[in-house]
Every structure is written in C-alpha cells, then in structure tokens.
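Q: sequence plus the predicted model coming up.
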Amino acid sequence: MNAILVNNISKHFNLSKGKKHKNLNSVSNFSSGVVRAVENVSFSVKKGEIFGFLGPNGAGKTTTIRMMTGVLKPTTGSIEIFGEDIWKKPILVKQITGNVPEEANVYIELTGWQNLILMGEIYGVPKEEREFRAESLLKKFELYEKRDLKSRKYSKGMKQRLLLCLALMSNPKILFLDEPTSGLDVQSSRIIKQLIKEYNKLGTTIFLTTHDMDVANELCHRIAIINKGKIIRLDTPEKLKLLTQEYQAIDCVFTDKIDTEEIERFKSVTEVQEIKGGVHVIVKDVHKALIDIIEFSKSHNYEFKQINTHQPTLEDAFLKIIERGAEN
Amino acid sequence: MLKIKNNDEIAGVAKMSTQLKRSFILAKKDLRIYYNKPPVIIQGLIFPIILFVAFTIGRQIQAYQLVSGLMAMVLFLTTTSISPIIFPWETMRKTMERLITCPISLKTLLLGSIWSSFIYGLIFSIIPLILGLTFLSLEITFSFLIIIIGMMIAALVFASVSLILSVPPYDTPGSTMVLTLLIKFPLLFISPLFIPISSLPISVISPLTYIIDIINFGLGQESAFGDYGLLLDFTVLIMIGFGCLFLAFALHNKTLEKRFRG
C-alpha cells in the first residue's frame, strides 16, 4: 500500500522585479521571471518505508517536501497521503502527519515541556495522553532533565531533538523530516538516527531529505536523487552503489618496493596508481583482483604490510549520477 | 507503543467547533509569547501614554471626553499592537512553517490572532474606565452594559483591522511596525479624541469615532448621530469588522506562500 503518492508535481515561482531567488543558479530553468523549482516529479512511498530524498543544495528537496506537507501549493500535479489529497483535505492529512522543517524552530520563550503540551493541544491529544506522551518522548530523546528550561537555552542538537518530539506528539502515521541531522553534534545525530529507525520499526512511514550520504545509506530503504528540480534516479542504496563499479579499489602496502607494471596487466585491474609504500589498484572485480595480487606477491616474495578494499560509497554513486545528469 | 487514533476521531478535526477550539489554543500561545515583546509594549502601552499627554495637556476637556477618548485610544493601539507582529515574528523565528503544517486552517490561525488581540486590548482599555470612575467622579447614568458590549465589538473590529496590517509577508517585525504606524497614526489624528465628534466632520471615516460615541452614550451623553446614533454606531462597527475580517482572510491566503520562498 502506498503511504504517499506524488503525481507529476511541478512548482514554479514568479519572481518580482529586482528580486533574486537564493538558489537561482541551481534551478533547472529561469526565464521571464519564472523559476521552475520542481518539474514533473512523480514517485510513491510504501507504507512503513524510510524514503530518502537526496540532492545538492537548491535541487528542489525542500520545495518538494513543502508541497507534500501543505506549505506550498504545487503549480501542477497532486499529492496523496494515505489516499487523501493534501490540498483537498489539508486538515485531515495534517492530522496524521508529523513534520520537522529544515529551518524550523521551537518557541524559545516556552520550556521544552510547554512546547510539547502546546503541540499536543493543537493536535487535540487529550490531557492525560499528551502529558504521558510528552514525558515519554522527552525521556526517549534524552531531554527530560531539561524539560523546565526555556528552550532558548537549548543547544542546536537539543532543539532539533525537541522538534522531532513535537512532530511525534500526535503519534503520526507519516513523518516528514527535512535535513533532520544537518549540522548536529555526534550525540544528537546518533539519537535522532536511532529513534528514526525505532519509530519506523513501529510502523511509521518516514520521508526524509538529506544531503548526508551516511544518513541516507544507514536509514533509507529507497532513495530518490533529485537535481535541478527533476528526479534523476530512484532505487535502493545498494543498487545505486552498483552504478559506480569503477570506484572499487584495493590499496596494498608492501615492505619492499614492487614492480607495478605486472599488476597493470591483470584482466581484473583497470588502473594502478602508486601510493606511499605501495599501490592503489582500481579494479573491475574485487574478488579476482585480490587473488591475482596475492598470487603476484607470493611469486615475487613480496610481503604485505597492509591491504584494504574499497567498495563504492553512496557518495560516489551520488556524485556520479549528478555528474551524468549534468552531462546529459 | 502509543495508540493510533481511529478514523472517526481524525475526521472530526476539520469541524468548525474543533477549529474554533484550536484557535483559542493559538490565542493562549500568542498571549503567552508576545505580550511582552518590545514592539507590543511600545505600540500598545507607551504610545497611548505619550499620546494621551500630548492630546490633553493644557486643554479644557470634560471628564467624559477624557475617559471615552482615552479608552478608545488605548483599545485601538493595544488591540492593533499584537496581531501585526505575530506573523513576521513567527516567520523570522522559523516557527511559522511548523505551525502551517499542523492540522489548523489559515482561518483558525488568523482567528487565534484575533482572540489574543481582543483579550490584550480589552484588559488594558478597562483601566481608564476604572480610573475615570474612581477619580473623575463619573457616573454611569445609562448603561454600563452598553460600554462593555461596545468595547468588545470594537476590540474585535480593531483586531480584524490589525490582521490586514499583518498581510505583507515581511519577516522582520520592524518593517511591519513602520507600516502599521503609517496607517494607525492618521486614523488616530482624524478621530475625535478628547473633542466633540461634531467638531471634526472627517472623523466619520474612522472606526474610533463610533466607539467613542458608544462610550459617551454609556456615560450619559447624547449620541452625536441623533436618535438612532447608537444603532448606527454598532452597525458601522460590525460592518467594518466583517469587511476587514474577510479581506484579511483573502489577502493572507494570497501572501502566505511568499513567507516560505527561497
């Protein structure tokens, strides 16, 4: 079952005279004062899935998530959340979704506890239930000790954790997270990632935008890569990584200087680069190349000091896909 | 695991009564957060004191004019002080987007702003009435109720006027303050504050004139608009109120998106 169905959405902004769009350089099309921030984007997110939206700055990630959360109205297309059109029944849809916008803030004049109670009231959570939820969320996100502190005194990481608590106060079926770990300290980032996984296991569908490859790789079941307002790839992280086989490599450091020419002749090897004390070997097939290099070292009595294999990362895949997109 | 709401409960959130209740929650939040913000203190409390001194010093003013003028001015300035800063303040502090994604309509959001302005204005405008009754030996000869009803309606009207002042999608409260002063001061200057209404014919275009007339009436004076003056006062105020309210709904609907662009 689809939790989210995005059908051919576009968002165009009309710019007034003399005004500049912050991300003008990266949008796909700018003519006659119209910025095409998102163009004909379609995808679906399955119930219980963690779906990542990956792209460089200004690619259209935030504009897309804003259309999906009822902040910006699409110029064309439609968005359904659990079968309901967000722009036809916005209040119903918003009741079952939680949202952490990218640049959002909590009410710094209120304490952490007051912020949560306010959110519970807005979502119509009954008094006893909202106090129970506020307490359990603050404990989970390691903020309970600071619950009576005005949130202006919270660190950025604490504020971000509180924002996530606010989004979870209504026990949403879908969570929208725009760059949830951007610029956070290691502890906050770890807590947030851990709890995203935990809530997903409990059945919450999660849609997140990020430019952090580790977050996307660690959390997402599927990833859409967006650039210049268009989706250019949509697949699992593993399959995306397979697109960049050329990033497979083996680093070998030997006790003695070796002859690299022989390694270059192996069929399993694409390229050999000399590094300090050894070689960086770009390979077509890691398994075969490893056997070849080990045989080579045995036959020449070379002694390994160190050997490491490198698999392509999501970052490699992302850069390659963006690069190909630019070439096209 | 936390309970998931059933569908009937979710379906009820769009009901008018639920949205009205949520507008009161927003009003409580607005009052708690914005009552002591510098622009609210300056426009809502300091300006009325300064203007009162400027208008009254060295002039022969009757006691009832002093009370009605001061009440109307305080009501107007305090009621219109809080609402215009909420939107730019929330845009600037990045809390607006979070609020927009909550299950509340734009009308609910605006109503919340109206209730907070209404309560804030009413509390402070009662003070001159109490002072007048205590120190100026004023007697309420006709009806205290008329004054209270008039004040409540006027507070709602001024709150609706102030919603229009918050339409431009600024993210700096200072910009909104300048704009509101450009509109509020001329309105004050064409209003019959501390003078007979008949001596300032242009004052018929100011909503303040009608609440001043209502308060004067409540304090035992004749209405400046004749036998049916009171009816006229209430009718004009209600018409201005509804007009501003619907205009504010329409204009905010148009400008809201601009607060979240690039």
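A: Cool, got the structure.
Q: near chain B, which residues of the stretch 201-328 of chain A?
A: residue A:202 (Cβ under 8 Å from any Cβ of the partner chain). Where C-beta positions appear, they are placed from N, C-alpha and C, glycine not excepted.
Q: all strands for the stretch 201-328 of chain A, in order.
A: A:205-210, A:222-227, A:230-235, A:249-254, A:269-275, A:278-283, A:304-310 (DSSP state E, counting those that start in this stretch).
Q: can I get those in CSV including distance to residue A:70, mean neighbour count and mean pLDDT?
A: Below are the strands of the stretch 201-328 of chain A laid out as CSV (distance: least, Cβ to Cβ, whole Å; neighbours: other Cβ atoms under 10 Å in any protein chain shown; pLDDT from 0 to 100):
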stretch, distance to residue A:70, mean neighbour count, mean pLDDT
strand A:205-210, 14, 25, 93
strand A:222-227, 20, 23, 91
strand A:230-235, 21, 18, 90
strand A:249-254, 46, 19, 89
strand A:269-275, 49, 15, 86
strand A:278-283, 48, 21, 87
strand A:304-310, 43, 13, 88
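Q: so which of those gets nearest residue A:80?
A: The closest of the strands of the stretch 201-328 of chain A to residue A:80 is strand A:205-210. By Cβ to Cβ, the value is 13.0 Å.
Q: what's the closest one packed up against?
A: Judged by 3 or more Cβ pairs under 8 Å, 6 or more residues apart in numbering or on different chains; DSSP states H and E, the packing partners of strand A:205-210 are strand A:2-14, strand A:34-46, strand A:50-54, helix A:61-68, strand A:174-178, helix A:186-201, helix A:213-219.
Q: please compute how far that strand lies from its chain's middle.
A: Remark: strand A:205-210 is offset 7 Å from the chain centroid, using Cα atoms, centre = their mean, to the nearest Å.
Q: repeat for stretch A:68-85
A: Here stretch A:68-85 is found 21 Å from its chain centre; the criterion is Cα atoms, centre = their mean.
Q: does chain B have contacts with it?
A: Yes. If you take Cβ under 8 Å from any Cβ as the test, stretch A:68-85 does meet chain B, through A:69-73.
Q: can you pick the most crowded of these?
A: Neighbours were tallied for each of the residues of stretch A:68-85 next to chain B (criterion: other Cβ atoms under 10 Å in any protein chain shown), and the maximum of 27 neighbours falls on residue A:69.
Q: how about the nearest residue to the spatially most central residue of chain A, chain neighbours excluded?
A: For chain A, residue A:210 is the residue whose C-alpha lies nearest the centre (Cα atoms, centre = their mean; 3.1 Å). Closest residue to residue A:210 apart from its sequence neighbours, by Cβ to Cβ, 6 or more residues apart in numbering or on different chains: residue A:216 at 5.4 Å.
Q: who touches the one you found in this structure?
A: Taking Cβ atoms under 8 Å, 6 or more residues apart in numbering or on different chains as the criterion, residue A:216 is in contact with A:52, A:54, A:210, A:223, A:237, A:314.
Q: return the residues in contact with the second one.
A: For residue A:54, the set of contacting residues under the criterion of Cβ under 8 Å, 6+ apart consists of A:61, A:209-211, A:213, A:216, A:223-226, A:318.
Q: nearest to chain B among those residues?
A: Lowest distance from chain B to the contacts of residue A:54 (Cβ to the nearest Cβ) belongs to residue A:61, with 12.8 Å.
Q: residue contacts, the closest one?
A: Shown here is residue A:61, whose contacts under the criterion Cβ under 8 Å, 6+ apart are A:53-55, A:178, A:209, A:211, A:226.
Q: cool, and residue A:195?
A: Counting by Cβ under 8 Å, 6+ apart, residue A:195 has contacts A:140-141, A:164.
Q: ok, and the most crowded of the residues you listed?
A: Going through those with other Cβ under 10 Å as the criterion, the one with the most neighbours is residue A:164, at 23 neighbours.
Q: what score does the closest residue to that residue other than its chain neighbours have for pLDDT?
A: In this structure, residue A:164 finds its nearest non-sequential neighbour in residue A:100, 5.7 Å apart by Cβ to Cβ, 6+ apart. Per-residue confidence at residue A:100 stands at 91 (pLDDT).
Q: and for residue A:100, the neighbour number?
A: Residue A:100 sits with 25 neighbouring residues when counted by other Cβ under 10 Å.
Q: same deal with the one 5 residues further on?
A: With neighbours defined by other Cβ under 10 Å, the count for residue A:105 comes to 20.
Q: does the nearest residue to it once chain neighbours are set aside count as helix, strand or coil?
A: Nearest residue to residue A:105 in three dimensions, chain neighbours excluded: residue B:94, at 4.2 Å (Cβ to Cβ, 6+ apart). Using DSSP: H, G, I helix; E, B strand; the rest coil as the criterion, the local structure at residue B:94 reads coil.
Q: contacting residues for the closest residue to residue A:52 other than its chain neighbours?
A: In space, residue A:52 comes closest to residue A:220 once its chain neighbours are excluded; the distance is 3.5 Å by Cβ to Cβ, 6+ apart. Residue A:220 makes contact with A:50-52, A:208, A:237, according to Cβ under 8 Å, 6+ apart.
Q: only whichever of the residues you listed are buried, select them in ChimeraX.
A: Buried members of those, defined by 16 or more other Cβ atoms under 10 Å in any protein chain shown, are picked up in ChimeraX with:
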select /A:50,51,52,208,237
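Q: show me which pair in the contacts of residue A:220 is furthest apart.
A: In terms of Cβ to Cβ, the contacts of residue A:220 reach their longest pairwise distance at A:208 and A:237, which sit 13.1 Å apart.
Q: got the residues of the stretch 51-200 of chain A near chain B?
A: So the stretch 51-200 of chain A meets chain B at A:66, A:69-73, A:89-92, A:94-97, A:99, A:101, A:103-110, A:118-119, A:121-124, A:129, A:133, A:136, A:163, A:166, A:171, A:173, A:176 (Cβ under 8 Å from any Cβ).
Q: okay, now the residue in the stretch 201-328 of chain A that chain B sits nearest to: neighbour count?
A: Evaluated by Cβ to the nearest Cβ, the stretch 201-328 of chain A has residue A:202 as its residue closest to chain B, separated by 5.5 Å. In terms of burial, residue A:202 registers 12 neighbours under the definition other Cβ under 10 Å.
Q: show me where the stretch 51-200 of chain A has its helices.
A: With DSSP state H, counting those that start in this stretch applied, the stretch 51-200 of chain A shows helices at A:61-68, A:90-95, A:112-122, A:127-140, A:156-168, A:186-201, listed in chain order.
Q: which one of the ones you listed has the most crowded surroundings?
A: The highest mean neighbour count among these belongs to helix A:61-68 (a mean of 26), with neighbours defined as mean count of other Cβ atoms under 10 Å in any protein chain shown.
Q: distance from the chain centre to that one, please.
A: For helix A:61-68, the separation from the chain centroid amounts to 14 Å (computed by Cα atoms, centre = their mean).
Q: and the residue nearest to residue A:189 when sequence neighbours are not counted, how far is that from chain B?
A: For residue A:189, ignoring the flanking residues on the chain, the nearest one in space by Cβ to Cβ, 6+ apart is residue A:181 at 4.4 Å. Applying Cβ to the nearest Cβ, to the nearest Å, one obtains 17 Å for the distance of residue A:181 from chain B.
Q: quick one, what contacts residue A:181?
A: For residue A:181, counting by Cβ under 8 Å, 6+ apart, the contacting residues are A:160, A:188-189, A:192-193, A:210, A:212, A:215.
Q: so how many other residues sit close to residue A:109?
A: When counting by other Cβ under 10 Å, one arrives at 17 neighbours for residue A:109.
Q: how far away is the residue nearest to residue A:105 from residue A:116?
A: 18 Å (Cβ to Cβ, to the nearest Å).
Q: quick one: low-confidence parts of the stretch 1-150 of chain B?
A: Across the stretch 1-150 of chain B, the ranges flagged by pLDDT under 70 are B:1-14, B:136-142.
Q: what ranges do the helices span in it?
A: In the stretch 1-150 of chain B, the segments counted as helices under DSSP H, counting those that start in this stretch are B:7-11, B:16-34, B:38-41, B:47-56, B:63-92, B:96-100, B:106-135, B:144-165.
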